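>>> coordinates for the following, if possible.
(2 chains)
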Protein chains: 2
Amino acid sequence: MNAPATTAQLIPEFHPREVPAVLIEALKARFGERCSTALVVREQHGRDESSFTVPPPAAVVFAESTDDVAQAVRLAAAHAVPVIPFGVGSSLEGHLLAVQGGISIDVSRMNKVLAINAEDLTVTVQPGVTRKQLNDEIKSTGLFFPIDPGADASLGGMAATRASGTNAVRYGTMRENVLALEVVTAQGEAIRTGTRAKKSSAGYDLTRLFVGSEGTLGVITEVTLKIYPLPEAVSAAICSFPSIEAAVRSVIQTVQLGVPIARVELIDANTVRMVNAYAKLGLREEPMLLMEFHGSPAGVKEQAETVQEIAAEFGGNAFEWASTPEERTRLWTARHNAYFAAVQSRPGCKVISTDTCVPISRLADCLLDSVAEADASGIPYFLVGHVGDGNFHFGYLLDPNLPEERAKAEQLNHALVARALRLEGTCTGEHGVGLHKMGFLVDETGAGAVEMMRTIKRALDPQNIMNPGKIFSL
Amino acid sequence: MNAPATTAQLIPEFHPREVPAVLIEALKARFGERCSTALVVREQHGRDESSFTVPPPAAVVFAESTDDVAQAVRLAAAHAVPVIPFGVGSSLEGHLLAVQGGISIDVSRMNKVLAINAEDLTVTVQPGVTRKQLNDEIKSTGLFFPIDPGADASLGGMAATRASGTNAVRYGTMRENVLALEVVTAQGEAIRTGTRAKKSSAGYDLTRLFVGSEGTLGVITEVTLKIYPLPEAVSAAICSFPSIEAAVRSVIQTVQLGVPIARVELIDANTVRMVNAYAKLGLREEPMLLMEFHGSPAGVKEQAETVQEIAAEFGGNAFEWASTPEERTRLWTARHNAYFAAVQSRPGCKVISTDTCVPISRLADCLLDSVAEADASGIPYFLVGHVGDGNFHFGYLLDPNLPEERAKAEQLNHALVARALRLEGTCTGEHGVGLHKMGFLVDETGAGAVEMMRTIKRALDPQNIMNPGKIFSL
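Okay, here's the model as predicted:
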């Protein structure tokens, strides 16, 4: 409980509850060595990619089945002790921190692909299966799962945070791609939220209530997902633009013409400079779009030609496109290296990432003002965007020894979020609320909508044991 | 309250509450002539396309603004009187019947398109705007709204029932196409459930909680929707098959190859016979697929050629395709006439429609057994299916003077739903639960999931005034 003095300010819901010894004994009796209280294990389950620090959970249960999860939840519920689901720990906003104490339920051993229904384009997996593992296991079917948030996250975790990434412009996010879930409720009962039917009008959409609920309503124990045919042909393209606005205008027109672009990423000139320094790419140091097209061979050729014409209208130049895997990889090198190049540019730095998303017509406005602010702050940063969706990330590169930089970065993010909300956008496109955006959520949705979320939470989890202290204050 | 003796059996939640005169007075004081107690008006708002009959609501309020809706709800809430939203009255499952009395809130005068954001491919409309009106109003932008449930339904109603239709195989359902809502809660407060950002991870997905909630959680007062570029080219095709299974296998392979087919409808041989008799089309009296392709001119040609090759593999013949609007209309005549041809085949009949949806790999099994049962029953029927989604409708053609036919049709539907659920499907693909499928919902989702829906309902609407007695019993 000896958290740093700032924790209470950063984490309004920071008030760890006591975990009685009798609960730990009961968990050990039920789970044996699969219930660990070793400090190193607890610490590993008590931090994520966020910059918050709180004491670790009192114990970690390694669940191997839905029944394991249900029993762990029932034991915890009997003592009103919090339960925090853990996948691979790649969340960014403090989702898995034990801000009110409790136990961590690690589902990484629930890693079986339970069913591949190739004819229906669905799979059912346990929550600890990661997206790369899934794609390896279904490769022979000619199908793939497109959602790619960067990290090799667990699919349960991706559902819980409503993750997306570079392919979302064409394939949607976890919101569109989770067909059904099995979840263990706060009462320790397993329920199913849907069937394998592609659509349904049968009652409340519990599936989508749990997608994005960040573990606060239950533990996801099974995920049924849509999968897609591997495209017959894939091509990639890059193009430089005289301004961010010109790049964004190209994307708007591309989308409006109905070009089914699979990926379209923006990298700002600043980040291109970092990538050039890192990997000697010799790219024009201008805003750049990196694109990918999926379809038939004739289709991807047609798409690339259409986009090249559009780009030319907006002053795009150095347009290159490629259809072999090697050439595609070369073109996308800048995007793949952006993070590492940025970190290299300031050795020892810590990265804080923003996550706003706005309607695409507002994107250029939002970016230009935010870039100007970031430049004025003197904080080094990189900027990449899933620009087809209006979602982008500033990565502020902070010297961990200079707390004033962190404060400045928080100010920049505040200004950015406020701007995004004015432009009809959201404070988080894909990372989730966690601890960091609880205040922004109220700004975004209004008090009435957050109060409705609280009412649902209180009704489904009256003891407030499911990952408490996240998304909103109670 | 002089309902027929059978109502209580058909409608388990049939127990009208008293509407106090003081409420009617207050409504008249607030709304003047926009609050009607005329029997003809009440009766028009007290029935839908379902076959249930209950007494009409005590009054109808014609709302012209969100504030009107909020005030009507607050007045009703003060007397614990039910409130039932009304769009155009095209729902099929008794959604708008006043089974517990109350007042109807007619939103058909809230029919403004509030914003067209062509660059973002979004529109924001009032709930009384119908889908055809919307498409007329956005035609000049080169964009369209694809969801087509057949009826010219209101967009608020379509959101409330999670509607879909023939284009869903490519464009999704209301679940995928509603970006955000404004709703008036059971407390009479307006809240917003989302922003215009294309994606978001900001808290619980209240948008999708309301989509499909059939008016039981609140009244939808604004809808923000995705819209799409009108395809550069559209082509249509028809093809006959030796069996339903062969037709379904063709569709599975089409979808698995990633052909982005926009519509693919099945009509069974029986229905083709009816259409031939009605419109002298001279079609082969075999199961038939009707298809539509959207894309570039080269793209739709490629799609049609691919599908023709696949169809040939499965014995498909009489493949015809067409790209001019006139030719397309000719090819789709059979689908457009199916309902009328069926009704004509038994003059004076009443149609009862089923709505199961199964994973497409199970579709042939589900259809074949159900066709055999329907044939054995002697009840005339037609059969059409949104086969790319695994959703299909038997339309039983009943003589209203023969109650035993209705009983037989109910038996057929029971057997059909039970079969669909065994095959991992749903009791309702697009019509909703309403009154008719309350029992099936429990069979489908299990008691635990329905109990969770009830818990949410009780928490958000503690007086049970929002369209009570629908979806589940409380």
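
>>> residue A:301 is in contact with residue A:235, isn't it?
Yes - Residue A:301 is within contact range of residue A:235, at 7.2 Å (criterion: CB atoms under 8 Å). Placement of C-beta: from N, CA and C, glycine included.

>>> three-state assignment of residue A:374?
Three-state assignment for residue A:374 (DSSP: H, G, I helix; E, B strand; the rest coil): helix.

>>> show me the contacts for it.
Contacts for residue A:374 (CB atoms under 8 Å, 6 or more residues apart in numbering or on different chains) come out as A:381, A:383, A:394, A:396, A:412.

>>> tabulate those residues (CSV), appending distance to chain B and neighbour count.
Formatted as CSV, the contacts of residue A:374 follow (distance: CB to the nearest CB, whole Å; neighbours: other CB atoms under 10 Å in any protein chain shown):
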residue, distance to chain B, neighbour count
A:381, 22, 28
A:383, 18, 23
A:394, 17, 26
A:396, 20, 24
A:412, 19, 21
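
>>> what about those, which are in strands?
Judged by DSSP state E, these include A:381, A:383, A:394, A:396 as members of strands.

>>> would you turn the residues you listed into CSV with pLDDT?
Formatted as CSV, these follow (pLDDT from 0 to 100):
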residue, pLDDT
A:381, 97
A:383, 97
A:394, 97
A:396, 97
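
>>> in CSV: the residues you listed, plus distance to residue A:54.
Below are those laid out as CSV (distance: CB to CB, whole Å):
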residue, distance to residue A:54
A:381, 27
A:383, 30
A:394, 25
A:396, 22
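
>>> OK, contacts around residue A:369?
Counting by CB under 8 Å, 6+ apart, residue A:369 touches residue A:419.

>>> what score does it have for pLDDT?
pLDDT, residue A:369: 94.

>>> again, but for residue A:243
Predicted confidence (pLDDT) for residue A:243: 96.

>>> and it, how far from chain B?
As for residue A:243, its distance to chain B is 17 Å (criterion: CB to the nearest CB, to the nearest Å).

>>> the closest residue to that residue other than its chain neighbours: how many residues sit nearby?
Leaving aside its sequence neighbours, residue A:243 sits nearest to residue A:287 (CB to CB, 6 or more residues apart in numbering or on different chains; 6.5 Å). Counted with other CB atoms under 10 Å in any protein chain shown, residues neighbouring residue A:287 total 28.

>>> show me the contacts for residue A:287.
Taking CB under 8 Å, 6+ apart, one finds A:240, A:241, A:243, A:244, A:246, A:247, A:266, A:267, A:268, A:269, A:272 in contact with residue A:287.

>>> are any of the residues you listed buried, and which?
By neighbour count, with 16 or more other CB atoms under 10 Å in any protein chain shown, the contacts of residue A:287 hold A:240, A:241, A:244, A:246, A:247, A:266, A:267, A:268, A:269, A:272 as buried.

>>> hmm, the fifth one is touching residue A:387, no?
Think residue A:247. Yes - between residue A:247 and residue A:387 there is a contact under CB under 8 Å: 7.2 Å.

>>> mutual contacts of these two, please.
Counting by CB under 8 Å, 6+ apart, the residues touching both residue A:247 and residue A:387 are A:266, A:289.

>>> tell me the buried residues in the lengthiest helix in chain A?
When chain A is parsed with DSSP state H, its longest helix is helix A:403-422. By 16+ other CB under 10 Å, the buried positions in helix A:403-422 come out as A:405, A:406, A:408, A:409, A:412, A:413, A:416, A:417, A:419, A:420, A:421.

>>> so how far is residue A:313 from the fifth one?
Spelled out, that is residue A:412. Computed as CB to CB, to the nearest Å, the residue A:412 to residue A:313 distance reads 33 Å.

>>> the first one now?
Remark: distance between residue A:405 and residue A:313 (CB to CB) = 41 Å.

>>> what residues does the stretch 1-150 of chain A put near chain B?
A:117, A:118, A:119, A:120, A:121, A:122, A:142, A:143 (CB under 8 Å from any CB of the partner chain).

>>> how deep is residue A:380 tucked in, by neighbour count?
18.

>>> residues contacting the closest residue to it other than its chain neighbours?
Nearest residue to residue A:380 in three dimensions, chain neighbours excluded: residue A:397, at 4.4 Å (CB to CB, 6+ apart). Applying CB under 8 Å, 6+ apart, we find residue A:397 in contact with A:342, A:343, A:345, A:346, A:349, A:350, A:351, A:379, A:380, A:381, A:382.

>>> any idea of the pLDDT on residue A:397?
Residue A:397 carries a pLDDT value of 97.

>>> any idea what it is bridged to?
Residues in a beta bridge with residue A:397, per DSSP bridges, are residue A:351.

>>> and the gap between it and chain B?
Residue A:397 sits 24 Å away from chain B, going by CB to the nearest CB.

>>> and for residue A:260?
7 Å.

>>> so the nearest residue to that residue once chain neighbours are set aside: helix, strand or coil?
Nearest residue to residue A:260, sequence neighbours excluded (CB to CB, 6+ apart): residue A:170, at 5.9 Å. Residue A:170 falls in the helix class when you classify it by three-state DSSP.

>>> shouldn't residue A:265 be in contact with residue A:383?
No - the pair residue A:265 / residue A:383 is not scored as a contact, 10.9 Å apart, by CB under 8 Å.

>>> just to revisit the earlier point, flag whichever of the buried residues of helix A:403-422 scores worst on pLDDT.
residue A:406 (92).

>>> next structured bit after the least confident helix or strand in chain A by mean pLDDT?
When the helices and strands of chain A are scored by mean pLDDT, DSSP states H and E, helix A:7-10 comes last with a mean of 62. Once helix A:7-10 ends, the next helix or strand along the chain (criterion: DSSP states H and E) is helix A:21-31.

>>> one step back: who's more crowded, residue A:301 and residue A:235?
Set side by side, residue A:301 and residue A:235 show more neighbours around residue A:235, with 24 against 17, by other CB under 10 Å.
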